[in-house]
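Q: only geometry, no sequence info:
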């Protein structure tokens, strides 16, 4: 059997850092750089399994879906990703990752699983993006360099606990954000 | 029976790290070459790991640069240095599996993401110390 071709997951080049965009504030003669380098990072949540994540719930608000990988085609097992904003305070934490202890619920056809993701601003500043890999039974949490800042099991949530977690009229936080963007 | 059912499967090895990885299996580099580190922030999908398909084989005698059913010796060269691990493999040869390698651990799962095995990635220095300790205890 001939050796299989190199399995490229993405065709984009590495080490392709963005050029620093012109700052509107510096164009106005201001010394403070507003918005560009102070923009908060994101947490990129990857589904490393063949099971759809129907809803990823963060601190009581839905952040969205993360489909399973596909097992057929030229690029099998390409993981899918959901980019979730980072926020500073717990009051902004519904559907986002805030600086603190984040309650994560993973809803799949196999059941509901939970874990807690700790984010420490003194270790990972707000403008740093992070990567969270969700396997079927465990999670890995990494800095943008690849250094591990957390790992652990995904715990099964009992049906009783699931009922207590659901509240009527609980709109997904991602929809709330879209609505807020539309209102602006 | 179609040939699909009898062809040997692959182990899809993913480099869950920011640095490019040079992987050797059982004494020989994989034919796919180096596996890039994940794309940077400018990419639309940063942190999505790159991977390479590595063939499975039955016997240790045919295992250089491949995964055989047994205990596979991995040598991993990152910019950070040389690392090593031992990954046990078993099961039907026509089944694809996935191996995720981050800086200090590996995870082996089936094509659904289940039946997970995991282990440590050790720096070469630690491996040398283990070997020295083993030799010392053998002498005693």
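A: Yep, it's here. In this text the structure is predicted, and so the values were computed from the model without any measurement.
Q: Do stretch B:38-53 and chain A come into contact?
A: Yes: legend: contact between stretch B:38-53 and chain A by C-beta under 8 Å from any C-beta of the partner chain is shown at B:38-53. Where C-beta positions appear, they are placed from N, C-alpha and C, glycine not excepted.
Q: That stretch: end-to-end distance?
A: Taking C-alpha to C-alpha, to the nearest Å as the measure, stretch B:38-53 stretches 16 Å from start to finish.
Q: Confirm residue B:127 sits in a helix?
A: Yes: looking at residue B:127 with DSSP: H, G, I helix; E, B strand; the rest coil, it is inside a helix.
Q: Once you drop chain neighbours, what's closest to residue B:24?
A: Once flanking residues are discounted, residue B:24 sits nearest to residue B:75: 4.1 Å by C-beta to C-beta, 6 or more residues apart in numbering or on different chains.
Q: to the chain's geometric centre, what's the distance from the helix or strand hosting the one you found?
A: Secondary structure from DSSP states H and E places residue B:75 in strand B:71-78. When distances are taken as C-alpha atoms, centre = their mean, to the nearest Å, strand B:71-78 is centred 6 Å away from the chain's centroid.
Q: Mind giving me the packing neighbours of it?
A: Helices and strands touching strand B:71-78, by 3 or more C-beta pairs under 8 Å, 6 or more residues apart in numbering or on different chains; DSSP states H and E, are strand B:22-25, strand B:81-88.
Q: Give me the contacts around the helix or strand just after the first one.
A: Tracing the chain past strand B:22-25, the next element assigned as helix or strand by DSSP H and E is strand B:28-29. Where contact means C-beta atoms under 8 Å, 6 or more residues apart in numbering or on different chains, the residues beyond strand B:28-29 that reach it are B:22-23, B:64-65.
Q: Pull the most distant pair out of the residues you listed.
A: Using C-beta to C-beta, the pair of the contacts of strand B:28-29 lying farthest apart is B:22 and B:64, separated by 15.1 Å.
Q: Identify the residue spatially nearest to the residue of chain B found nearest chain A, adjacent ones excluded.
A: Proximity of chain B to chain A (C-beta to the nearest C-beta) peaks at residue B:113, 2.9 Å away. Once flanking residues are discounted, residue B:113 sits nearest to residue A:49: 2.9 Å by C-beta to C-beta, 6+ apart.
Q: residue boundaries of the strands in chain A?
A: Along chain A, the stretches classed as strands by DSSP state E are A:42-47, A:53-58, A:61-66, A:80-87, A:97-98, A:101-108, A:111-118, A:130-134, A:138-142, A:148-153, A:155-156.
Q: Please name the strands paired to the fifth one in the sheet, noting orientation.
A: The one in question is strand A:97-98. strand A:80-87 (parallel) (DSSP bridges).
Q: again, but for the second one
A: Taking DSSP bridges as the criterion, strand A:53-58 sits next to strand A:61-66 (antiparallel), strand A:101-108 (antiparallel) in its sheet.
Q: And the first one, by the same measure?
A: Paired with strand A:42-47 in the same sheet, following DSSP bridges, are strand A:80-87 (antiparallel), strand A:130-134 (parallel).
Q: quick one: residue A:148 and residue B:103 touch, right?
A: Yes: taking C-beta atoms under 8 Å as the definition, residue A:148 is a contact partner of residue B:103 at 6.3 Å.
Q: Neighbour count for these two, which is higher?
A: More neighbours surround residue B:103 than the other of residue A:148 and residue B:103, with 19 against 15 (other C-beta atoms under 10 Å in any protein chain shown).
Q: wait, what's in contact with the residue nearest to residue B:108 when sequence neighbours are not counted?
A: Leaving aside its sequence neighbours, residue B:108 sits nearest to residue B:117 (C-beta to C-beta, 6+ apart; 4.4 Å). Residues near residue B:117 by C-beta under 8 Å, 6+ apart: B:87-88, B:107-108.
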